[in-house]
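Asker: Take this sequence and fold it.
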Amino acid sequence: MRTKLLAQLIGFVVIVPSTLVALFYSALGLMFALESIQRQQALSSAALVLACLSGGWLGIVALWRAYFVLGTDQHSFNSTFIWMGFGCGSLVSLVLIGLVNGSLLFRGVFFGWPLLAVAVFTAMLLRHGTRAAPPAPSA
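Answerer: Below is the predicted model:
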């Protein structure tokens, strides 16, 4: 019960706002990347933006997947996808914290917010995996 409540809290406080902000800035980033590729200017920046978009969205989808796994007490789930998504999303958050202009406090709060969900969901999924492991079939 406590796991579901914490998952719902993280979902509404962290994942929903992160997804909405990512939708808006992904559209801007995609327009920048496509225009840069079309004009053949700043191709390395366009490639970096496209890599961040891909990794960031993989991380957001993994957060949503973990949210539904924890909210429904699923015993079987694709943990490889979730861990890869957490890794990619965390890496993108750290890259954005390091590369974007602005104060370190602003960058840490704005781009580091999903890292909170990753940290909490990682602990919850590790505990969920050990607690909810189905019994081994007897031969």
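Asker: Can you give me every residue that contacts the one residue sitting closest to the centre of the chain?
Answerer: Nearest to the mean C-alpha position of the chain, by C-alpha atoms, centre = their mean, lies Gly59 at 2.8 Å. Contact partners of Gly59, counting by C-beta atoms under 8 Å, 6 or more residues apart in numbering, are Gly85, Phe86, Cys88, Gly89, Ser90, Val92, Ser93, Pro114, Val118. C-betas here are computed from N, CA, C, even on glycine.
Asker: quick check, nearest of those residues to Ala47?
Answerer: Val92 (13.9 Å; C-beta to C-beta).
Asker: how close does that closest one sit to Ala117?
Answerer: From Val92 over to Ala117 the distance is 14 Å, taken as C-beta to C-beta, to the nearest Å.
Asker: Give the burial count for Leu96, as a bare number.
Answerer: Using other C-beta atoms under 10 Å, Leu96 is surrounded by 16 other residues.
Asker: I meant to write Ser45 there.
Answerer: Neighbours around Ser45, by other C-beta under 10 Å: 12.
Asker: ditto for Gly98
Answerer: So Gly98, with other C-beta under 10 Å, has 10 neighbours.
Asker: What of Phe110?
Answerer: 15.
Asker: per-residue confidence for Asn78?
Answerer: We note a pLDDT of 82 for Asn78 in this prediction.
Asker: Next, the contact list for it, please.
Answerer: Arg65.
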